[in-house]
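> structure of the sequence below:
(chains A, B, C and D)
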4 protein chains.
Amino acid sequence: MSVLLEFSITPLDKGESVSKYVSRSLDIIDKSGVDYCLGPMGTVLEGEWDEVMGVVKQCYERMKQDCARISCYMKLDFREGREEGLTSKIKSIEEKLGRKLKT
Amino acid sequence: MSVLLEFSITPLDKGESVSKYVSRSLDIIDKSGVDYCLGPMGTVLEGEWDEVMGVVKQCYERMKQDCARISCYMKLDFREGREEGLTSKIKSIEEKLGRKLKT
Amino acid sequence: MSVLLEFSITPLDKGESVSKYVSRSLDIIDKSGVDYCLGPMGTVLEGEWDEVMGVVKQCYERMKQDCARISCYMKLDFREGREEGLTSKIKSIEEKLGRKLKT
Amino acid sequence: MSVLLEFSITPLDKGESVSKYVSRSLDIIDKSGVDYCLGPMGTVLEGEWDEVMGVVKQCYERMKQDCARISCYMKLDFREGREEGLTSKIKSIEEKLGRKLKT
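Alright, predicted model coming up:
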């Protein structure tokens, strides 16, 4: 699909441990049916604009229910006609270097 | 309004000078009626989620018409009950420091 | 100068109001001698890599003294031979559109 | 280690396919000895500030040699006393949800 969207969403008013809130987002993402990949600093979604933004909005709406301040970072990469961007981008780098990388 | 969204959207396939494309986005933003502030590295919109995301989507749809690869960065700050965040955040810092800063 | 760096640095363990911590960073930035511009969602520094990163590191080191968890976002735009990027980028957009924008 | 830094660095003046330039950065990262994890939208480094920033600077200096305009995005998460953040953050989410996620 043509859009890859990496995002992370975090409450500022819940102290230094936020994994409870991150888990709720991942539950929403995992059940959304949108293809994704969880990393140590965010989650990458793949789809079209409305699909991926719809998932982020669900996470935001859920967090607003009990968080008074929220930061959300999103980074989008659109490429016309791309297929399977979640895996193809990494493969392309590994092919160019001729070796496996840590993923 | 409770959402501040900073974003920038840039084509990757148009060479190093992208001000033509940035101008088109600013034209959309300026005519949208959503309150905003243009800075050297992005534009901050203030409103509710659907309003500010609607403006970003318009900029994205326009850019897709003639750009094959696009990067978009968004950073959102939600704070319950905030008013006039475009100006109040800077004022609050200046008050704490007791002097004017470069804005 | 060729590097524009926008950044924001925020503690996660101090509750929803973080302006005390943001003020300390702005005090460091303002006294650093590096040219900057404060906006509602971050500060843009202009200089060379070591200069601007040196300022960010000072803000980080200060925050580490009493914050147990810190988020920092940086967005860098390098353009060879650019002069006065803090003002020239906005001027260029306004010239293309033939009107003043909200800044 | 206490710092996780996700970053991506991209030339704007080389057209829509940038994997040649991304590969060069990954070669630098992979040979640096700093622990990392490559994802579809960026690479996460783990270490102390000077270590991880040193790697990013090397990638930037290499790219400057033949690129006239460069964008670099960095997102840093400092947490006092954290160990093995590249794996522990994901594990913590999976434990809370009681199931494996796509990584």
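> near chain D, which residues of chain A are found?
A:4, A:6, A:8, A:16, A:19-20, A:22-23, A:26-27, A:30, A:35-42, A:44, A:73, A:75, A:77, A:79, A:85-87, A:89-90, A:92-93, A:96-97, A:99, A:101-103 (C-beta under 8 Å from any C-beta of the partner chain). All C-beta spots, glycine's among them, are computed from the backbone N, C-alpha and C.
> which residue ranges form the strands in chain A?
A:3-11, A:35-38, A:43-47, A:69-79 (DSSP state E).
> related to what we said a few turns ago, just the buried subset of the residues of chain A next to chain D, written out for PyMOL, thanks.
Only the buried entries of the residues of chain A next to chain D go into this PyMOL selection, using 16 or more other C-beta atoms under 10 Å in any protein chain shown:
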select buried, chain A and resi 4+6+8+22+23+26+27+30+35+36+37+38+39+40+41+42+44+73+75+77+79+85+86+89+90+93+101+103
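> intersect the residues of chain A next to chain D with the contacts of chain B.
Restricting those to those near chain B - C-beta under 8 Å from any C-beta - leaves A:Tyr73, A:Lys75, A:Asp77, A:Arg79.
> ok, the nearest residue to the last one once chain neighbours are set aside to D:Glu6 distance?
The one in question is A:Arg79. Take A:Arg79 and drop its neighbours on the chain: the residue closest to it by C-beta to C-beta, 6 or more residues apart in numbering or on different chains is B:Arg69, 4.9 Å away. To D:Glu6, B:Arg69 is 21 Å away according to C-beta to C-beta, to the nearest Å.
> do A:Ser32 as well
23 Å.
> ok, and for stretch A:60-77, which residues are buried?
A:60, A:62-63, A:67-77.
> now chain A, which segments are flagged as low pLDDT?
A:1 (pLDDT under 70).
> pull the longest helix from it.
helix A:49-64 (DSSP state H).
> what's stretch A:47-64 in contact with?
Contacts with stretch A:47-64, where a contact means C-beta atoms under 8 Å, 6 or more residues apart in numbering or on different chains, come from A:1-3, A:5, A:7, A:9, A:11, A:21, A:24-25, A:28-29, A:32, A:34-35, A:45-46, A:70, A:72, A:74, A:76, B:49, B:53, B:57, B:60, B:76, B:78, B:80.
> buried subset of those, written for PyMOL?
Burial among the contacts of stretch A:47-64 is assessed by 16+ other C-beta under 10 Å; the matching PyMOL selection reads:
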select buried, (chain A and resi 1+2+3+5+7+9+11+21+24+25+28+29+32+34+35+45+46+70+72+74+76) or (chain B and resi 49+53+60+76+78)
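> chain C contacts on chain A?
A:Thr10, A:Leu12, A:Asp13, A:Gly15, A:Glu16, A:Val18, A:Ala68, A:Arg69, A:Ser71, A:Tyr73.
> ok, which pair from these is furthest apart?
A:Gly15 and A:Tyr73 (19.5 Å; C-beta to C-beta).
> bridging residues for A:Cys37?
A:Val44 (DSSP bridges).
> with A:Asp77 instead?
A:Leu4, B:Ser71.
> quick one, what contacts it?
A:Val3, A:Leu4, A:Leu5, A:Gly85, B:Arg69, B:Ile70, B:Ser71, D:Met41.
> so the fourth one sits against A:Arg79, correct?
In this case it means A:Gly85. Yes: counting by C-beta atoms under 8 Å, A:Arg79 is a contact partner of A:Gly85 at 7.2 Å.
> between these two, which contacts overlap?
A:Ser2.
> distance of A:Leu5 from chain B?
9 Å (C-beta to the nearest C-beta, to the nearest Å).
> if you could redo that for A:Val55, that was the one I meant.
Counting by C-beta to the nearest C-beta, the gap from A:Val55 to chain B is 13 Å.
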